[in-house]
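> Predicted structure and sequence below. I'll ask about it afterward.
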Amino acid sequence: MKSNEIRQLNDEELRTELERLHRHLFDIRAQAVTEKLEDPTMITKAKRDIARILTELRKRQGEAETPAVTSGKQNETT
């Protein structure tokens, strides 16, 4: 999943996709233990997709919590 695809999803879709990827990663790991994987990079790809989604969710959470700053310095009273 590409970063621009992730940015287009809303928060609920991201959480659903994150849950799906966690299950997928679990399945891949189980398959790696019991049999040989067709593509050994599947685990790495799944981990990176999870990281991309978590990064986007944290970024959105930070934007929601941080008030918009109009100038670089705040007014100081002395």
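Here it is on my side, so go on.

> just the helices in this structure please.
3-8, 11-34, 42-65 (DSSP state H).

> Take these and write them to JSON lines, including mean pLDDT.
Listed next are the helices of the chain as JSON lines, based on pLDDT from 0 to 100:
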{"stretch": "helix 3-8", "mean pLDDT": "86"}
{"stretch": "helix 11-34", "mean pLDDT": "94"}
{"stretch": "helix 42-65", "mean pLDDT": "92"}
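
> Columns mean neighbour count on top of those, output as a markdown table?
Quick note: C-beta positions are derived from backbone N, CA and C, even for glycine. Converted to a markdown table, the helices of the chain look like this (neighbours: other Cβ atoms under 10 Å):
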| stretch | mean neighbour count |
| --- | --- |
| helix 3-8 | 11 |
| helix 11-34 | 13 |
| helix 42-65 | 14 |
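
> Give me the residue at the spatial middle of this protein.
Residue closest to the mean C-alpha point of the chain, counted by Cα atoms, centre = their mean, is I53 at 1.4 Å.

> That residue touches L18, doesn't it?
Yes. Counting by Cβ atoms under 8 Å, I53 touches L18, with 4.9 Å between them.

> Name the residues contacting each of those two.
Counting by Cβ atoms under 8 Å, 6 or more residues apart in numbering, I53 and L18 have no contacts in common.
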